[in-house]
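Student: build me a model:
(4 chains)
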There are 4 protein chains.
Amino acid sequence: MIVEMRAGANKEQVDHVVERAHSLGFDVQLNIGTEKTVVAILGSDTGKADTDLFAVLPGVQSVTRVMKPYKLASREFHPRASKMNVSGVEIGGQKIVVMAGPCAVESEKQLMEAAKGVQKLGASVVRGGAFKPRTSPFSFQGLGQDALKMLARVKSELGIPVITEVVDVNSIDAVEKHADIIQVGARNMQNFALLKALSGIKHPILLKRGLSATVTEWLTAADYLLSQGNRRVILCERGIRTFEDTVRFSLDITSIGVIKQASHLPVVVDPSHAAGHSAYVPSIAKAAIAAGADGLLIEVHPNPEEALVDGLQSLNFPAFERLMKDLRPIAEAVGRNV
Amino acid sequence: MIVEMRAGANKEQVDHVVERAHSLGFDVQLNIGTEKTVVAILGSDTGKADTDLFAVLPGVQSVTRVMKPYKLASREFHPRASKMNVSGVEIGGQKIVVMAGPCAVESEKQLMEAAKGVQKLGASVVRGGAFKPRTSPFSFQGLGQDALKMLARVKSELGIPVITEVVDVNSIDAVEKHADIIQVGARNMQNFALLKALSGIKHPILLKRGLSATVTEWLTAADYLLSQGNRRVILCERGIRTFEDTVRFSLDITSIGVIKQASHLPVVVDPSHAAGHSAYVPSIAKAAIAAGADGLLIEVHPNPEEALVDGLQSLNFPAFERLMKDLRPIAEAVGRNV
Amino acid sequence: MIVEMRAGANKEQVDHVVERAHSLGFDVQLNIGTEKTVVAILGSDTGKADTDLFAVLPGVQSVTRVMKPYKLASREFHPRASKMNVSGVEIGGQKIVVMAGPCAVESEKQLMEAAKGVQKLGASVVRGGAFKPRTSPFSFQGLGQDALKMLARVKSELGIPVITEVVDVNSIDAVEKHADIIQVGARNMQNFALLKALSGIKHPILLKRGLSATVTEWLTAADYLLSQGNRRVILCERGIRTFEDTVRFSLDITSIGVIKQASHLPVVVDPSHAAGHSAYVPSIAKAAIAAGADGLLIEVHPNPEEALVDGLQSLNFPAFERLMKDLRPIAEAVGRNV
Amino acid sequence: MIVEMRAGANKEQVDHVVERAHSLGFDVQLNIGTEKTVVAILGSDTGKADTDLFAVLPGVQSVTRVMKPYKLASREFHPRASKMNVSGVEIGGQKIVVMAGPCAVESEKQLMEAAKGVQKLGASVVRGGAFKPRTSPFSFQGLGQDALKMLARVKSELGIPVITEVVDVNSIDAVEKHADIIQVGARNMQNFALLKALSGIKHPILLKRGLSATVTEWLTAADYLLSQGNRRVILCERGIRTFEDTVRFSLDITSIGVIKQASHLPVVVDPSHAAGHSAYVPSIAKAAIAAGADGLLIEVHPNPEEALVDGLQSLNFPAFERLMKDLRPIAEAVGRNV
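Tutor: Here you go, the predicted structure:
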């Protein structure tokens, strides 16, 4: 249930609503806007509570039931698009944010070379996998802690924020210490234990869409991250599983428009994992920006043909340079810049 | 098998290749380019024939086996992108072609009003369904012959080409008489009897992707249309069936990039049927142009809320005007214009 | 709208309901049971008509709106399971009907050998494709008219009914003349022109499920076949398109239970096309019978490794014999026999 | 790489193969059969090693590369079907194992009532969720530790093994203490951190198929569980995500036959989660046994209409009794018993 306070409602009135909710056994979350405050009333039994319980309270303008399973990620709770500052980079704002780098951190040399390259060509965030969730237990699983330290060095030397994936609850501390943005991978989108643990931390979280998750399930997973107070959640569309076999996954371009209407959270697109082949990355990346995405997450490798993981889908520097150049006029065409 | 002739090969040498193919029981198709000629050797048994049978002939530069099931739609047969002139409108060229109009022709007044409206706002082709393939036999099935005559009147009065769908072999003659482009609907993409019949006619054909067809199956269906000499085939991506339930179909944006590499045929996008809701049409339409599509097929209705078919997904004139305005800078950003 | 007459309602009362429907511009279909008659009121505008228009008429027991898009295929219209006699073979009855034979008729010798073989091993109907809908125009398209005549000979010599596919309106006459059951293939499930034409004929129709059709769409396609009075429609589940890649299609075993509740039509299963590999056919076939299917459509070829079409998924005689033997106790376990 | 030793090979010869593998930097696993020993050579670089390195060693019969990504779950490594004893119940043997009980443990009374009911009616294992992975953070999340204790009481009082789900690494200890079989849910099938942790424990693991996992990915996830020596892995097919909308998931019946050929692991079927509706459970359950499944995992609740979770898909006692009765002749028809 969403309780929208009047424009001039005072703190006492808001507190009153919160107390009433608590007295009924519900949790609350507040969206304190510059003009008005919105109170989300949360709990598995809100459906049984009468909206009048809140509508009659002083300072309340309206009470709405949100029929969708997600509440905190919804536009009803937070009517304006969320912008978030991540180590000096704004996500969800006027500028399209490009996060680029290798799929996996392979060595300090490879990472530093990739980071310098993408930074020079216009990327605002460096990506690099330390813990790699691999389909087979016998595949390269990432450099782990060592890779985290290399990422930290990139961050301190180049002054650029870094993003990396966390794959289990026990490595959150380490990732938190070294990374600016924490990524939840597609296969963990409904790893609820991990989501709950991440909800309590301060770092912004990039939540990849599960490969067969509906947009509704994805936004409901975001509610897990938002449920303990973490406000900085970034969605990442990375393709869904379909019958089509010329690409690894089918990028669901429509999800951008759907999310922009249903949710306030920023959404970025990962064209590399969707396509599974670098040849298709530019076309998808351009489409994503035109569709309204707030950013891109792109795999770039100094030597794709020598990459330990996902070389086929990584751009080399010249291809990344060309793409950045091509993205600029498209960003401008939709009133933004890269 | 694709036989590429040398740049200076003469007609006699080409004829020799053709004769050899015929003598082996194969069919052939020629792509006579300005610089060189390419001969497609066709038949179910080409896989058993040795490439040397052709490689040794005078004037032959190379012989390639096309491992994909489609041959005539492939870039191997026709390395350059196909451009086609349709009643004065070029498709596959520098200009993005917008085809717009109502899902179904409902009356002369509705059609004329829609046609004038979209023409004024920049559409190059008017669309309107005369025969409607409907899921239920008890739904409105279209005005049939009467609608075809109304389309013909639009064409003669407004001087704009029209496109309409054909749903069975027996109405090809009538559709051919009144329409400029003939559409094959998604549910008929593998109606091979219909495809064969259309392969023999002169009209350009717009082939919609089947809702669960792979790109490979789609291009192989195009081969049916191309197999009897019809060269003007336009592909139309209209969304595929997935598990996602906020939209009717998931537009496969990746297919644009895949087709541009694998095939020479132009490809347009139908954002209206994919989304199933007008609110999502602009985002998809913009993405399509950025991804490299050659045109759009958009449902526009003077009064969407009164439409007999698909009102929810139709744009009204103000929304279409806004979209056309938004498409211009994106088209320019990819080096084209609307 | 479904109008259920009282048990003792007389013909005059039924006629009255029919006349009222006609006067309102609706079509009707009657299900005249031994106990009571049910009248289906059909048309695109029945949703706007008040149920009281019929409820007040003498002899009417109840009036129900069927919210599903299909009406004639529904249990609401026809509460009892339909059984149908096909040239002496009952489909939908106590006995599981096995239809078997080669994917394509290749020669009189091959067909006769296959027919004799499957008949001897317990098949009640012989299958064989005369017109083959093939993905590529350069693949073997079937022997056409010649194959129909061979099927007719099998029928007359062996006294066993035959089933074959029709792929376009113009060959219905020929197929009707030589076959006992006419098959509509998966790719034509929504070829509405073909369905309408078949609705007017007397032959029973086997309607394969489209490879991405929902059960609801499939039953609505059946309504096309039933709409002009043809009562003998057999549904055939043959697998749906999913992401799974060890088989060609994923057999939707759940559809059997869903159909048995929602529809009165008999349903058979084609394990051969679903699996795409003979090794998986027995497991699926046994599951189908246990789930409640009324029959099987199985590809059997005297020499699968020499088959022109679908050899990989065809059983040879020893494998078919083993399967028939294995099916018997399962059929008995569900109260039926093979 | 799979190294098959000769029938009479002695321990020294096997050790030699193991040493050679270790010296090359590979891991190994042994399948010590009664007749012969098979050695799996494991590691991300086995593809680069020559098979002759092992073929020349004394006692080696053959060396095979397994091109599939899974090795330990494959029939190549373990040619005979695996049978496993779970607290006195054999899984993968002649008897079909029925595991039944409520989706979630709601109270001691509810659990005990359900457990007694299903035990009396023939279930061999009691299921009950303590930790519930729920789509929304505001839904009932299970009774946790309390539920585990209730399950332990069921086990000690009724002498029947219990199965429950583990959702994160940190609760493995608790689950291990109270349960006989540990379940990994569909949404955690590729939670590799959890799989790795479970690989080191002694308990048998039931691994549910991810809702969009291919059979190959599923078996490769099983390799994670098998990689540290846990040998008792049970697969559980529970339906895959498709476009069909009359059921929650489409049970992939074909996967049973595919797994029986590709893997030695036992496979059970969960008809309740697939169907999402109790009305369809019996049809699927019967099909599963006929297809060759080794068991069933069924939701049974004393009062489905009062269930906190998944009431719609739970059977009540009379329905479960009927089902058990119907399963018996089908099990016998495939040479087994319930």
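Student: let me know whether stretch A:222-229 sits next to chain B.
Tutor: No - contact of stretch A:222-229 with chain B (C-beta under 8 Å from any C-beta of the partner chain) is absent, the minimum separation being 15.0 Å. For glycine as for every other residue, the C-beta is placed from the backbone atoms N, C-alpha and C.
Student: that stretch: which residues count as buried?
Tutor: Using 16 or more other C-beta atoms under 10 Å in any protein chain shown as the test for burial, stretch A:222-229 gives A:222-228.
Student: so which bits of the stretch 151-300 of chain A are right by chain C?
Tutor: A:241-243, A:245.
Student: near chain B, list only the ones from the residues you listed.
Tutor: Restricting these to those near chain B - C-beta under 8 Å from any C-beta - leaves A:242-243, A:245.
Student: from these, list the buried ones, please.
Tutor: A:242-243.
Student: could I get the ones next to chain B among the residues of the stretch 151-300 of chain A next to chain C as JSON lines with pLDDT?
Tutor: Shown next, in JSON lines, are these (pLDDT from 0 to 100):
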{"residue": "A:242", "pLDDT": "96"}
{"residue": "A:243", "pLDDT": "95"}
{"residue": "A:245", "pLDDT": "92"}
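Student: okay if I get the ones next to chain B among the residues of the stretch 151-300 of chain A next to chain C as CSV plus secondary structure and distance to residue D:132?
Tutor: Putting those into CSV (DSSP: H, G, I helix; E, B strand; the rest coil; distance: C-beta to C-beta, whole Å) gives the following:
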residue, secondary structure, distance to residue D:132
A:242, coil, 29
A:243, coil, 32
A:245, coil, 36
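Student: contact partners for residue A:101?
Tutor: A:111, A:114-115, A:118, A:123, A:126-128, A:299-300 (C-beta atoms under 8 Å, 6 or more residues apart in numbering or on different chains).
Student: so which helix or strand takes in the residue most central in space within chain A?
Tutor: Nearest to the mean C-alpha position of chain A, by C-alpha atoms, centre = their mean, lies residue A:234 at 2.2 Å. Assigned by DSSP states H and E, residue A:234 belongs to strand A:233-237.
Student: what helices or strands is that strand leaning on?
Tutor: strand A:205-208, helix A:215-226, helix A:254-262, strand A:267-269 (3 or more C-beta pairs under 8 Å, 6 or more residues apart in numbering or on different chains; DSSP states H and E).
Student: partner strands of it, with direction?
Tutor: Strand A:233-237 sits in its sheet next to strand A:205-208 (parallel), strand A:267-269 (parallel), going by DSSP bridges.
Student: rounded mean pLDDT for the shortest one, please.
Tutor: Mean per-residue pLDDT for strand A:267-269: 98.
Student: contact partners of the next helix-or-strand element following it?
Tutor: Counting by DSSP H and E, the next helix or strand C-terminal to strand A:267-269 is helix A:271-275. The contact list for helix A:271-275 (C-beta under 8 Å, 6+ apart) reads A:103, A:186, A:237-239, A:247-251, A:278, A:280-282, A:284-285, A:288, A:296-299, A:310, A:313-315, B:254, B:257.
Student: distance from helix A:271-275 to the middle of the chain?
Tutor: Relative to its chain's centre, helix A:271-275 lies at 16 Å (C-alpha atoms, centre = their mean, to the nearest Å).
Student: same question, stretch A:7-14
Tutor: Distance, centroid of stretch A:7-14 to centroid of chain: 32 Å (C-alpha atoms, centre = their mean).
Student: run through who's touching stretch A:300-320.
Tutor: For stretch A:300-320, using C-beta under 8 Å, 6+ apart, the contacting residues are A:100-104, A:106, A:110, A:113-114, A:117-118, A:121, A:123, A:129, A:132, A:134, A:140, A:248, A:272-273, A:275-278, A:281-282, A:298-299, A:323.
Student: narrow the residues you listed to those that are buried.
Tutor: Judged by 16+ other C-beta under 10 Å, buried ones among these: A:100-104, A:106, A:110, A:113-114, A:117-118, A:121, A:123, A:129, A:132, A:134, A:248, A:272-273, A:275-278, A:281-282, A:298-299, A:323.
Student: out of the contacts of helix A:271-275, which sit inside strands?
Tutor: A:237, A:296-299 (DSSP state E).
Student: quick one: which of those is nearest to residue D:218?
Tutor: The closest of the ones in strands among the contacts of helix A:271-275 to residue D:218 turns out to be residue A:237 (C-beta to C-beta; 25.0 Å).
Student: that closest one contacts residue A:265, doesn't it?
Tutor: No - under the criterion of C-beta atoms under 8 Å, residue A:237 is not in contact with residue A:265, lying 11.8 Å apart.
Student: helices of the stretch 101-250 of chain A, start to end?
Tutor: A:108-120, A:145-158, A:172-178, A:192-199, A:215-226 (DSSP state H, counting those that start in this stretch).
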